[in-house]
Structure formats: C-alpha cells, structure tokens
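Novice: sequence and predicted structure, then a few things I'm wondering about:
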Amino acid sequence: MPCINCYLSWAQEGLVAAYKLGVDEDAFLLSLLSDYGACVYLPWPLKQYFVVQGDAVQRVYDAPSKILSFVPIRKGMQHTAFGSPNSIAQSSVMESHIFPNHAKALQKSKLSPPLASFIASLSARLGSLAAEIDASGGQLQLPLVEWISNVMFLSAVSAMFGDRFFDTIDMTPSEFRTTFAAFDNAFPLLASGMIPPFLHSSIAPIRKGLEARGKLDAEFRKFIDAGLPGLDSGVIHEMWRISTEAGWPAEETARILTADCWAIQANAPWAAVWLVLYVLQAPGMVEEVLEEVANVDLEALDIAKTSTEMPVITSCLTETVRLSTSSFSIRDVEEDFFLPASPSSAAGGSNGKGKSAVDGCTIPAGSKIVCGTRVPHLSDWEGAREWDGKRFLGEEKAKRTREVRGFGGGISVCEGRSLAQAELKAFLALLLSSFDITILKPISASGGTPTSTTKINIKGGHEGISPTLAEGRTGMGVHQFSSDDVLVTVKRRAKVE
C-alpha cells in the first residue's frame, strides 16, 4: 500500500497531508489519484485509507456490511457530534429499531405528506416575496444566498416537524436558524472525534457550537413535551415513538431530533443556492426550465411529478450535486478487504509511488476507509470543471447519474435523498415560474464589495460568480459559502396566457 511522502517520518507526512487537504482539497485529492492510484494510506492524524477512483469507490459501496461496516460510525457520531451518552448511542435499539425505521420512513412511498408541507410553506414565503415586490414598485433587490437558504431552511422545518413547530418552542424562526448555524459550524470538528472533549471549552467554535446544540435540544424537548402537534406520522414521529417505547428520557429523544434536524438542514439549503446560481447564469437554461414547468401542474406537484415530469430540472440538479459536493463515505474495516485494480486506476502511480494501486491492494481489518467521492466527479467526465445542465438529459446520459455520489452510497447513502431532491426540484420550479431574477454583483456581509469572489465555469466557455466558499468543511457534503453573498434584482414573472 503506498504511503504519501514516504521520505518523511509518519508524523510529518500525516501532518503535511492533513494540511494540504484543508488548504486545497481538490488539488490534494486529485494528486493522490494521479500519484498513487485508486487507494493510498494517509497516516496520523488522519490514519485512514483514502479511496479516490470511481470504480474503487463503487467496490467499497458494494462490499457487504460484515466486511465494511458503517453502523459503528453512525453510532459513534450520535455520541461525538450530537451528545448522546454511550448508553443511548451504543444501544441495541439504534441498530434494531432506530436505523431501519428511519430508512423506511423516508422511502418514496412515505414522502407525500412532508413534500406537501414543504410546498405549502414555500408557496407562502414566495407569496410574501411577491407582496414585497408589489409594495416596492415592481422590483426588489435582495441577497440571494441569504434569502434562498433561509426560505429552504424554514420550509424544510415545516416538512419534517410540521407547520406548528414554531408555535411550541420559544425561539423565533430566525433565532432557531442562527442557533442551528452555530452548531453546524462546529459540526466538522465534533464529528471528526480528533479533538478530545477536555479541549472543547478552549476552542471557540466548538464551545459556541456545543452551547447552540444544547439550546436546540432544549427547543426539541419543548416540542416533545407539547406532544409533537401537527405530526401523527413521518420519520420524526417514528423516532419519537421508538425512543419513548425504549424508555429513553425526553432529553435523549430531543438529541435524536437534533440529529435529524442537522441531516435535513446542513446541505439542502446550500444545494438550492448552487442550483439557482448555475441555472441563472447558464445561457438559455432558465428558458428551458420554464418550458418544462409550463407542462407540469405545479399546483398538484408530488413525488411522482418531480421524478418523471422534470427531466431538465433533474439533469440540472444532478449536475449541481456532481460539481458542488464533497462527501466522504467512511467505513470500518471488519475483515481484510481486497480492493482489486480497475482499468482506469492503472494509470495511477506512474512515478513509482502507486504500484499496489495497479496490482490491487489489501486493506487490513481494524482500518478505516474514506471514499473521496468528489475526485471521480472531477476526473471521470469530459469538461469536468464546467457545469453542464444537460449532462444527464436523455435516456443514455441519465444512466451515468449513478456515478454521481454526492449523497454517498451503499449502506451509508443519505436516507433523505429522495425528499431532498424532490424539495430542490419543487423549489426551482416554483421560484423561476414566479419570479424573474437578475444577478447584479457579489456583495460582502455588510453590503459592500467583497475582498474576493469565486468564478464558476459553465459549458460553452461562460463564467458566472458565486461567493467564496466556507473553510473547514472538507468532505461534509454540499459546499457552503462564507458570509459573502450575491445581490440580485427580483421581479414578478409575467404570466403567459
């Protein structure tokens, strides 16, 4: 098994790897592929085998759970990131009831009620925006990232926790979102488990994140004590039912709900921003989306319609997930795992560093595997750095959708992916059919000119703009933004008779 920078000591090479991964994730992970092939071991402090080639990632996903497991990682995260004591996080109830029923409750056949709640909340917020535009003389300027992420966040709360959630807690919607953001900011550090608990209070982002997590737990406890008003089914109701039947105290059930809140809110709002940014700045794409949604009954939008009647939007979303995500899929190696070489990995290690990647390699039991899903997204496609909204349009092209792994895969695939995708498609369809949006310029958090911006590449040699990316979220899912934004003008879209 190749090991990076083998001329250094293990400690030195591990620190160099961790530093490079944090500074420029794309460059570092792509260099692993070109220098070492499909798989390479990164020593302390990471101590993980990174799999960075598409076929090899799929082999990890296809491996049986008795060889490559995820359950211990999922249990551990409930403890390290969400604060459940080990008596709860490691309980057999997690594996026997919580995890399987969580997946069942998020199957497509169960998603009509939450999607309807999402659309109802979204429609009300779009109506409020329309009223503001009318009161402002027919157009309005607003910060796009802040507005979209806020609307998506609050609409998703309604989808999962019901439209009476904010009636039962003390926080306002704005306070709740701000508190969530503080916890989410600390999440990568907490979930890594690399920082011992006795240091948490001395690291400001972690300290603030833990305070915020405690406040979220307290609000969900109030929701539980009120009897989950407005919810008589769905994944949240199931988690409450199982926890209650297991005899867990309400404060522990609240931590389970905080975990679900994080799962639905850490990525989807940002995916919506990316989707809109790309579609608005790709020449002709808004028109193609509008032509498609003109044939869809948006007032009766459901899971089936978002799956079968929106191929253009589906292609745009899949391409956005391909280009705007960095997801690490992690596995515990329970038995020695042989990762055979694939034809496309044979080019790796041409400098002599990656011989075992060409021949195949055995990853020993007791190790951890990390699948860097972003690497194939940037290496296995023509024009991989360009956003192409039609990349997955058509029966043949759509077959490659399975190679987009932003939602993970195998036993750790995101269980809420079907709901998230339906919400994102509904959001784009309803937003663009209601409003004409023009991008003006990037702005800083204070409304001035930002010190830097990020250019995005669009097929055909076109360029667009986006705010700079947030730091410290390598492998955490959809790329989030810094505090900068993009100023837009919004008008009501003229209805075509």
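Specialist: Alright, I've got the coordinates.
Novice: pretty sure Thr253 is touching Glu245, no?
Specialist: No - applying Cβ atoms under 8 Å as the test, Thr253 and Glu245 come out as separate, 10.7 Å apart. All C-beta spots, glycine's among them, are computed from the backbone N, C-alpha and C.
Novice: if you count surrounding residues, which of those two has more?
Specialist: Thr253 (23 against 10; other Cβ atoms under 10 Å).
Novice: which helix or which strand is home to that one?
Specialist: helix 250-265 (DSSP states H and E).
Novice: who are the packing partners of the helix or strand that comes right after that helix?
Specialist: Next in sequence after helix 250-265, counting helices and strands by DSSP H and E, comes helix 268-281. For helix 268-281, the elements it packs on are helix 144-161, helix 285-293, helix 311-324, helix 417-434, strand 435-443, strand 454-458, strand 462-466, strand 476-478, judged by 3 or more Cβ pairs under 8 Å, 6 or more residues apart in numbering; DSSP states H and E.
Novice: can you tell me how far Asp26 is from His479?
Specialist: 11 Å (Cβ to Cβ, to the nearest Å).
Novice: hang on, I meant Pro283
Specialist: Pro283 is 23 Å from His479, by Cβ to Cβ.
Novice: if you count surrounding residues, which of those two has more?
Specialist: His479 (21 against 10).
Novice: need the contact list for that one.
Specialist: His479 makes contacts with Trp270, Trp274, Ser324, Thr325, Ser326, Leu469, Ala470, Arg473, as judged by Cβ atoms under 8 Å, 6 or more residues apart in numbering.
Novice: ok, the third one touching Ala271?
Specialist: Spelled out, it's Ser324. Yes - proximity of Ser324 to Ala271 meets the contact threshold set by Cβ under 8 Å, at 7.0 Å.
Novice: before we move on, the earlier item: hey, which of the helices and strands packed on helix 268-281 is tucked in deepest?
Specialist: Highest mean neighbour count of those: helix 311-324, a mean of 24 (counted as mean count of other Cβ atoms under 10 Å).
Novice: what about that helix, average pLDDT?
Specialist: Mean pLDDT, helix 311-324: 98.
Novice: what does stretch 86-106 give?
Specialist: Stretch 86-106 comes out at a mean pLDDT of 97.
Novice: any idea how far that stretch is from the chain center?
Specialist: Remark: stretch 86-106 is offset 21 Å from the chain centroid, using Cα atoms, centre = their mean, to the nearest Å.
Novice: mind checking the end-to-end distance for that stretch?
Specialist: 26 Å (Cα to Cα, to the nearest Å).
Novice: got the buried residues for that stretch?
Specialist: Ile88, Ala89, Gln90, Ser91, Val93, Met94, His97, Ile98, Phe99, His102, Ala105, Leu106 (16 or more other Cβ atoms under 10 Å).
Novice: and for that stretch, what's in contact with it?
Specialist: Against stretch 86-106 from outside (Cβ under 8 Å, 6+ apart): 71, 74-76, 78-79, 110, 234-235, 238-239, 242-243, 246, 248, 252, 255-256, 415-416, 418-419.
Novice: surely Phe337 and Ile363 touch.
Specialist: Yes - counting by Cβ under 8 Å, Ile363 is a contact partner of Phe337 at 4.7 Å.
Novice: overlap in contacts of the two?
Specialist: Shared contacts of Phe337 and Ile363, counting by Cβ under 8 Å, 6+ apart, come down to Ile369.
Novice: the more surrounded of those two?
Specialist: Using other Cβ under 10 Å as the criterion, Phe337 and Ile363 rank with Ile363 on top: 23 against 20.
Novice: let's see stretch 242-261 as CSV, backbone CA atoms only.
Specialist: Written as CSV, here are the backbone C-alpha positions of stretch 242-261 (Å, rounded to 0.1, in the frame of the first residue of the first chain):
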residue,chain,number,x,y,z
ILE,A,242,-39.3,4.3,19.2
SER,A,243,-37.4,6.3,21.7
THR,A,244,-40.4,6.6,24.0
GLU,A,245,-41.1,2.9,23.8
ALA,A,246,-37.4,2.2,24.6
GLY,A,247,-37.9,4.1,27.8
TRP,A,248,-35.4,6.8,26.9
PRO,A,249,-35.9,10.2,28.7
ALA,A,250,-37.3,13.1,26.6
GLU,A,251,-34.0,14.9,26.6
GLU,A,252,-32.4,11.9,24.8
THR,A,253,-35.2,11.8,22.3
ALA,A,254,-34.6,15.5,21.7
ARG,A,255,-31.0,14.7,20.8
ILE,A,256,-32.3,12.2,18.2
LEU,A,257,-34.4,15.0,16.7
THR,A,258,-31.5,17.4,16.7
ALA,A,259,-29.6,14.8,14.7
ASP,A,260,-32.4,14.6,12.2
CYS,A,261,-32.6,18.4,12.0
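Novice: centre of the chain to it, how far?
Specialist: 23 Å.
Novice: next, the buried residues of it.
Specialist: Here stretch 242-261 shows 242-243, 246, 248, 252-261 as buried, counting by 16+ other Cβ under 10 Å.
Novice: as TSV, the residues you listed with pLDDT would be great.
Specialist: Shown next, in TSV, are these (pLDDT from 0 to 100):
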residue	pLDDT
Ile242	98
Ser243	98
Ala246	97
Trp248	98
Glu252	98
Thr253	98
Ala254	98
Arg255	98
Ile256	98
Leu257	98
Thr258	98
Ala259	98
Asp260	98
Cys261	98
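Novice: mind listing the strands for this structure?
Specialist: 39-42, 48-51, 68-69, 139-143, 325-333, 337-339, 361-363, 368-372, 435-443, 454-458, 462-466, 476-478, 485-492 (DSSP state E).
Novice: show me what the third one is packed against.
Specialist: Counting by 3+ Cβ pairs under 8 Å, 6+ apart, the packing neighbours recorded for strand 68-69 are strand 325-333.
Novice: give me the buried positions along the strand it packs on.
Specialist: For strand 325-333, by 16+ other Cβ under 10 Å, it's Thr325, Ser326, Ser327, Phe328, Ser329, Ile330, Arg331, Asp332, Val333.
Novice: can I get those residues in JSON lines including distance to Gly447?
Specialist: Below are the buried residues of strand 325-333 laid out as JSON lines (distance: Cβ to Cβ, whole Å):
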{"residue": "Thr325", "distance to Gly447": "29"}
{"residue": "Ser326", "distance to Gly447": "29"}
{"residue": "Ser327", "distance to Gly447": "33"}
{"residue": "Phe328", "distance to Gly447": "35"}
{"residue": "Ser329", "distance to Gly447": "39"}
{"residue": "Ile330", "distance to Gly447": "40"}
{"residue": "Arg331", "distance to Gly447": "45"}
{"residue": "Asp332", "distance to Gly447": "47"}
{"residue": "Val333", "distance to Gly447": "50"}
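Novice: state the number of residues packed around Ser201.
Specialist: Applying other Cβ under 10 Å, we find 10 residues neighbouring Ser201.
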